[in-house]
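Chemist: next one to model:
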Amino acid sequence: MRRVLGRFTTGVTVVTTGGDTPHGMTANSFTSVSLSPPLVLICVLRETTMHEAVLDRKSFAVSVLSARQQELARYFADRRRPRGIQQFAPVEWAPGRFTGSPVVAGSLAWLECSLVATHDGGDHSIFVGEVLDMGFREEDDALLFFSGAFHDLPVKDA
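Modeler: This is a model prediction of the structure:
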């Protein structure tokens with residue numbers, strides 16, 4: 001199944017939660033759900049620190065990574081990185097103004113969300129968040145994930 005689904009190209013994000021022990025993880029299980037009200041979803045493996053952190057904080061942020069942030073994607077996918085606030089030491093970020101969840105600087109786009117629903121998704125939970133704040137920039141290429149590897153998607157000239 002991993003090989004089949006790996007043929008589906010996705011964007012790459014870093015999902016974060018704030019609080020006394022902020023946490024982050026690389027994720028490509030992210031999508032929009034609704035424009036009115038503004039809702040997005042993330043899928044998080046139940047046995048991870050992030051799962052408990054989202055349930056605890058009832059909020060999260062999603063930073064959509066640019067092609068220049070491939071190393072950041074690898075960093076937040078590495079289970080050996082430090083925990084708590086120390087994992088954000090090598091990362092430029094700012095706290096979201098509504099939840100305090102870290103928003104990664106230089107991202108193509110970001111959303112700060114309040115958790116409004118949790119659904120069973122097998123070994124994952126599907127977290128639905130209402131968008132409280134968001135932003136974007138256009139001056140960089142997108143980071144994609146396809147067939148087990150990172151790829152760039154150049155920004156097309158207007």
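Chemist: contacts, neighbours, all on C-alpha from now
Modeler: OK.
Chemist: ranges for the helices of this structure?
Modeler: For the chain, the helices defined by DSSP state H occupy 2-5, 49-57, 70-77.
Chemist: shaky segments in this structure?
Modeler: 156-158 (pLDDT under 70).
Chemist: pull the contacting residues for residue 21.
Modeler: Shown in contact with residue 21 (CA atoms under 8 Å, 6 or more residues apart in numbering): 83, 84, 85.
Chemist: now it: how far from residue 63?
Modeler: Counting by CA to CA, to the nearest Å, the separation of residue 21 from residue 63 is 18 Å.
Chemist: and what of residue 150?
Modeler: Going from residue 150 to residue 63 by CA to CA gives 16 Å.
Chemist: rewinding a little: can you say which of the helices of the chain is nearest to residue 114?
Modeler: Among those, helix 49-57 comes nearest to residue 114, with 8.9 Å by CA to CA.
Chemist: buried residues, that closest one. List them.
Modeler: For helix 49-57, burial by neighbour count (16 or more other CA atoms under 10 Å) applies to 50, 51, 53, 54, 57.
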